[in-house]
Structures are given as structure tokens and as C-alpha cells.
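**Q** Got a sequence here, can you model it:
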Amino acid sequence: MREIVRTNDPVLITAIEALLNGAGIAFMILDRNMSVLEGSVGMLPRRVMVAADSETKARRVLMDAGLGHELRPDGG
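**A** Numbering: from 1, shown residues only. Predicted coordinates:
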């Protein structure tokens with residue numbers, strides 16, 4: 001799995017989920033339930049993970065949607 005985005009923004013996570021689902025790209029959101037430990041302050045970022053063989057396509061989908069600035073560096 002490769003991390004393509006790390007963010008505290010729940011709206012951004014929802015948008016990314018919709019884009020990746022629409023493109024048929026399997027993904028996982030890690031650390032989503034960490035709010036239990038952090039007290040719901042949104043301090044710990046959530047990580048969007050995709051399979052290594054889907055990374056290029058996922059990055060392209062997000063760039064085409066104007067979210068390229070949210071992407072982690074390649075290999076991140």
C-alpha cells in the first residue's frame with residue numbers, strides 16, 4: 001500500500017473517497033478512528049492508502065480534480 005494523501009480535513013477525505021470510488025480504485029483510510037484517542041480535536045491526520053499498482057492512476061484522478069497540491073511526494 002502507498003500513502004497518497006495525509007490530512008486532518010474530513011471534507012477532503014470524503015471528496016477523495018468519492019473520486020477514488022468513481023474511478024474504481026480500491027483504497028483504505030487509515031487512522032480514521034484515532035479521534036477516540038485524541039479526543040475528537042482532529043489533531044492526528046488520516047492517511048489515504050492505495051495499492052502500489054493503483055498509485056499512478058489514483059494520483060492522476062486527484063490531480064485532474066484539482067487536488068494535486070494535497071498529494072504526498074511520490075513514494076511517500
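
**Q** Now tell me what touches stretch 18-34 from outside.
**A** By CB atoms under 8 Å, 6 or more residues apart in numbering, the residues outside stretch 18-34 that reach it are 1, 13, 16-17, 44-51, 54, 57-58, 61-62, 65, 67. No exception for glycine: its C-beta is placed from N, CA and C like everyone else's.

**Q** Now do the same for it: mean pLDDT, whole number.
**A** The average pLDDT for stretch 18-34 rounds to 93.

**Q** Could you tell me the end-to-end distance of it?
**A** Distance between the two ends of stretch 18-34: 22 Å, counting by CA to CA, to the nearest Å.

**Q** Buried residues of that stretch, list them for me.
**A** Residues 19, 20, 23, 25, 27 are the ones in stretch 18-34 that count as buried (16 or more other CB atoms under 10 Å).

**Q** Turn these into a markdown table, including secondary structure.
**A** Shown next, in a markdown table, are these (DSSP: H, G, I helix; E, B strand; the rest coil):
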| residue | secondary structure |
| --- | --- |
| 19 | helix |
| 20 | helix |
| 23 | coil |
| 25 | coil |
| 27 | strand |
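
**Q** For those, give me TSV that also has distance to residue 73.
**A** Shown next, in TSV, are the buried residues of stretch 18-34 (distance: CB to CB, whole Å):
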residue	distance to residue 73
19	20
20	19
23	21
25	19
27	18
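
**Q** for those, which one is nearest residue 6?
**A** residue 27 (13.3 Å; CB to CB).

**Q** beta partners of the closest one?
**A** residue 50 (DSSP bridges).

**Q** any idea how far residue 53 is from it?
**A** Taking CB to CB, to the nearest Å as the measure, residue 27 and residue 53 are separated by 13 Å.

**Q** swap in residue 66?
**A** 25 Å.

**Q** Noted, bye for now.
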